[in-house]
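Student: Compute the structure for the input listed below.
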Amino acid sequence: MARNVLSRMETICAEVMEMPEIFLADGEDDDDVESTVEIDEAAELDELAADEDDAESVEDCDGEKSKDASKSGDGKGGKSSKEKGVSVKVNCEDKKQQKVGKWISRALRAAVNPIVSKFNLNLKVNLDLNVANKEGKQEAASSASKQQEAGKAKPTAQQLRRRADLARIKELEKENRHLEKVFEKIVTEESKLGKLVDELLILKKAISNFETENKKLEIEKIQLNKELRQEREDKTHKIKQFESKLEELQTKSESAIQKLKEETGAQLLEKQTTLNQKESELNQLSKQLQTLQEDFAKSEANHLQNSQQHLQKQAQLELKVMDLMQKNRELTASGQEHRFSNSTVREDSCGTGHACPLCGSMFRNLADLQIHVESCVS
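Tutor: Model (predicted):
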């Protein structure tokens, strides 16, 4: 869910940075802009105040919705969702960039607030629109002294700014590669977890099979006991008959009587040996069942421990991914802002192109590459 919100915010930032060409295409007319800013300072302050009123009205609307939701949930002890939503902070010194930042913040709130309020989240976005300018000024001040000493032509502030942007774009590519490695680790851990689940199911099936066999053996034991009792009763009855006959046949030969006793003893011994064999087999099967139950308990404990470790690793990896995507979005926004300001540097950066590290397809725009990489990974 958080990944979907971040991807939607990133696409919105890309569309916003592409749409307002009137606000962003001022790189070639810096002198005219400075003069118009000094002349129309009061007018721009009025516009900023109007933007703040619009933002407050949007927040008031969200607050009214949250109050209605809290009224419906007061009986259950729920809290009001007035503090939930998207809060956008714009860090900028230039007034025209402040105007662009306000326009971006309104677009972000209008697009993301339905999703954030649906899942009861509080999302804070920090727009820093003046980082590249500060870095360009510092690099221009440090490189100006060196170039004046060497007698070379002094580069302009825009060139230094674009060099810094190119360096930031390279860092962004490195972060994208790291993000791909993190996703690969997540996929491997999920596959390992699936294998463990399959092994657990196999063990459960084996245990169920052994239980069914044990039940069958118990039933056979009961039947054998019944048969043994019946046979004993029959034998005792026969013995009684034989005793009665013996009394009758005492007068007869002793050899015939001894023969009958031996036959009955052999039959009883044979039945007793079969009964002992069945009991030994039953004891062996019970021992095997006990060992299988112990192995199953150990494997289940290992599976629980591995699943907990996997969940912890997955949570850490998701936090890292969210961090990297936040940095990536800020760098993409600053790179696209400066890409529209100077057509010469834009042609140089677009001429080289950016290759997808997964499928190898080329893209002229870094934002298109980022969207393509997310679709490739998913």
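
Student: Show me the shaky parts of the stretch 251-378 of the chain.
Tutor: 257, 335-336, 338-354, 357-358, 377-378 (pLDDT under 70).

Student: Scan the chain for its longest helix.
Tutor: Using DSSP state H to define each element, the chain has its longest helix at helix 157-248.

Student: Could you tell me the average pLDDT over it, please?
Tutor: For helix 157-248, mean pLDDT is 87.

Student: helices or strands up against it?
Tutor: When contacts are defined as 3 or more CB pairs under 8 Å, 6 or more residues apart in numbering; DSSP states H and E, helix 157-248 sits against helix 131-150, helix 254-339, helix 343-352, helix 366-377. C-beta coordinates here come from the backbone N, C-alpha and C atoms, glycine included.

Student: Which one of the ones you listed lies nearest to K102?
Tutor: helix 254-339 (14.7 Å; CB to CB).

Student: rewinding a little: tell me what angle the longest helix of the chain forms with helix 366-377.
Tutor: Helix 157-248 and helix 366-377 are oriented at 10 degrees to each other (axes from the mean of the first three to the mean of the last three CA atoms, to 10 degrees).

Student: report the angle between the axes of helix 157-248 and helix 254-339?
Tutor: Using the same axes, to 10 degrees: helix 157-248 against helix 254-339 is 170 degrees.

Student: hang on, the earlier thing: make JSON lines out of the helices and strands packed on helix 157-248 and add mean neighbour count and distance to L217.
Tutor: JSON lines is the format used below for those (neighbours: other CB atoms under 10 Å; distance: least, CB to CB, whole Å):
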{"stretch": "helix 131-150", "mean neighbour count": "14", "distance to L217": "77"}
{"stretch": "helix 254-339", "mean neighbour count": "14", "distance to L217": "6"}
{"stretch": "helix 343-352", "mean neighbour count": "13", "distance to L217": "76"}
{"stretch": "helix 366-377", "mean neighbour count": "18", "distance to L217": "54"}
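
Student: measure E171 to E213 for me?
Tutor: Distance, E171 to E213, using CB to CB, to the nearest Å: 64 Å.

Student: typed the wrong thing, it's K259
Tutor: From K259 to E213 the distance is 43 Å (CB to CB).

Student: Likewise for R162?
Tutor: Relative to E213, and taking CB to CB, R162 is found at 77 Å.

Student: Check T264 too.
Tutor: 35 Å.

Student: Save the helices and strands packed on helix 157-248 as CSV, and put in distance to R106 too.
Tutor: Formatted as CSV, the helices and strands packed on helix 157-248 follow (distance: least, CB to CB, whole Å):
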stretch, distance to R106
helix 131-150, 22
helix 254-339, 15
helix 343-352, 27
helix 366-377, 20
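
Student: Any idea how many residues pack against E175?
Tutor: Using other CB atoms under 10 Å, E175 has 16 other residues around it.

Student: For it, list the residues it contacts.
Tutor: With contact set as CB atoms under 8 Å, 6 or more residues apart in numbering, E175 has these partners: 324, 327-328.

Student: 10 Å instead, please
Tutor: 323-325, 327-328, 331 (CB atoms under 10 Å, 6 or more residues apart in numbering).

Student: And it, how far from K313?
Tutor: Taken as CB to CB, the span from E175 to K313 is 20 Å.

Student: do the same with K174
Tutor: 22 Å.

Student: Check G265 too.
Tutor: G265 is 72 Å from K313, by CB to CB.

Student: before we move on, the earlier item: including distance to Q370, could the contacts of E175 go into TSV?
Tutor: As requested, those are exported to TSV (distance: CB to CB, whole Å):
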residue	distance to Q370
D323	15
L324	11
M325	9
K327	12
N328	6
L331	10
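
Student: ok, L228 touching E279?
Tutor: No: using CB atoms under 10 Å, L228 is not in contact with E279, being 11.1 Å away.

Student: Please look at L324 and H178 and confirm they touch.
Tutor: Yes: the pair formed by L324 and H178 meets the contact definition of CB under 10 Å, at 6.7 Å.

Student: that's a strand at T251, yeah?
Tutor: No: according to DSSP: H, G, I helix; E, B strand; the rest coil, T251 belongs to no strand; its state is coil.

Student: Quick check: pLDDT value at S70.
Tutor: In this model, S70 carries a pLDDT of 43.

Student: for the one 10 residues further on, same thing?
Tutor: Reading off the per-residue confidence, S80 sits at a pLDDT of 39.

Student: And for the one 4 residues further on?
Tutor: Among the per-residue scores, K84 shows a pLDDT of 50.

Student: try G63
Tutor: 47.

Student: again with R109
Tutor: Value listed for R109 in the pLDDT field: 67.

Student: What of E149?
Tutor: 51.

Student: and if you look at M19?
Tutor: Confidence score, pLDDT, at M19: 48.
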